[in-house]
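Enquirer: Please find the sequence and the predicted model below.
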Amino acid sequence: MASPDKQVTKNRHFFQSLSHAIAGLHTFFVEEGNFRREFVLSALVLIAAVVFRVSWFEWFVLILAILLVFLSELWNTIIENIVDFVIGNQYHERAKKIKDMSAGAVVLAGIIAIVCGAYVFVPHLLHLVGMWNH
Ligand SMILES: Nc1ncnc2c1ncn2[C@@H]1O[C@H](COP(=O)(O)OP(=O)(O)OP(=O)(O)O)[C@@H](O)[C@H]1O
């Protein structure tokens, strides 16, 4: 019989599922340097949102943009792990295509987040510049 920490059967209840999901997010945070950098950058963006007293709608836009980047980074990491698990250290053109496309999805999410950040912060910055000029 498998020991409790080497479970291969289905989760028995919601809190068991949740604890495994949280363990997965913890592994993602600890092992994925890109995610930690994005996390710090997101914290800075949220501090800027507090400083500029952005509206509820602007908070909504920023939080969705940040979650989109986190989610795409998580999927990218999952895909990289699956590829590495299946083919190990061998070089394979298909593995390269899969990993490069997956990384491309993170770049697209990042561009969306930059557009959202500009939508929120550019008017506030212009307002600030306008105040200085008077
Ligand atoms: N098995 C492989 N076969 C062919 N190319 C590979 C293979 N593994 C990695 N690569 C190439 O190396 C790149 C980096 O792969 P790696 O798995 O190290 O991702 P990473 O450095 O964690 O990337 P990211 O910055 O997107 O998280 C891939 O985008 C791909 O071009």
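Expert: That came through fine.
Enquirer: any residue of the longest helix seen in the chain up close to the ligand?
Expert: Taking DSSP state H as the assignment, the helix of the chain that covers the most residues is helix 93-133. Yes: counting by Cβ under 6 Å from any ligand atom, contacts between helix 93-133 and the ligand involve 95-96, 99-100, 103. Yep, even glycine has a C-beta here, placed from its N, CA and C like the rest.
Enquirer: what's the answer for stretch 60-70, then?
Expert: No: Stretch 60-70 lies apart from the ligand when judged by Cβ under 6 Å from any ligand atom; the minimum separation is 12.8 Å.
Enquirer: quick one, phi psi at Arg53?
Expert: Phi and psi for Arg53, reported as degrees, to the nearest 10, are phi 50, psi 60.
Enquirer: next one: Phe52
Expert: The phi/psi pair for Phe52 (degrees, to the nearest 10) reads phi -80, psi 0.
Enquirer: Please apply the same query to the one 3 residues further on.
Expert: When read as degrees, to the nearest 10, the backbone of Ser55 gives phi -70, psi 170.
Enquirer: Show me what the helix or strand of the chain with the lowest mean pLDDT is packed up against.
Expert: Using mean pLDDT, DSSP states H and E, helix 14-31 stands out as the lowest-scoring helix or strand of the chain, at a mean of 92. Judged by 3 or more Cβ pairs under 8 Å, 6 or more residues apart in numbering; DSSP states H and E, helix 14-31 is in contact with helix 33-51, helix 56-87.
Enquirer: and if we set it to 6 Å?
Expert: When contacts are defined as 3 or more Cβ pairs under 6 Å, 6 or more residues apart in numbering; DSSP states H and E, helix 14-31 packs onto no helix or strand at all.
Enquirer: Distance from the chain centre to stretch 48-56, please.
Expert: Using Cα atoms, centre = their mean, to the nearest Å, the mean C-alpha position of stretch 48-56 is found 21 Å from that of the whole chain.
Enquirer: What is the end-to-end distance of that stretch?
Expert: 14 Å (Cα to Cα, to the nearest Å).
Enquirer: buried sites along it?
Expert: 48-49, 52, 54 (16 or more other Cβ atoms under 10 Å).
Enquirer: which among those gets closest to the ligand?
Expert: Nearest to the ligand, judged by Cβ to the nearest ligand atom, of these is Ala48 at 25.4 Å.
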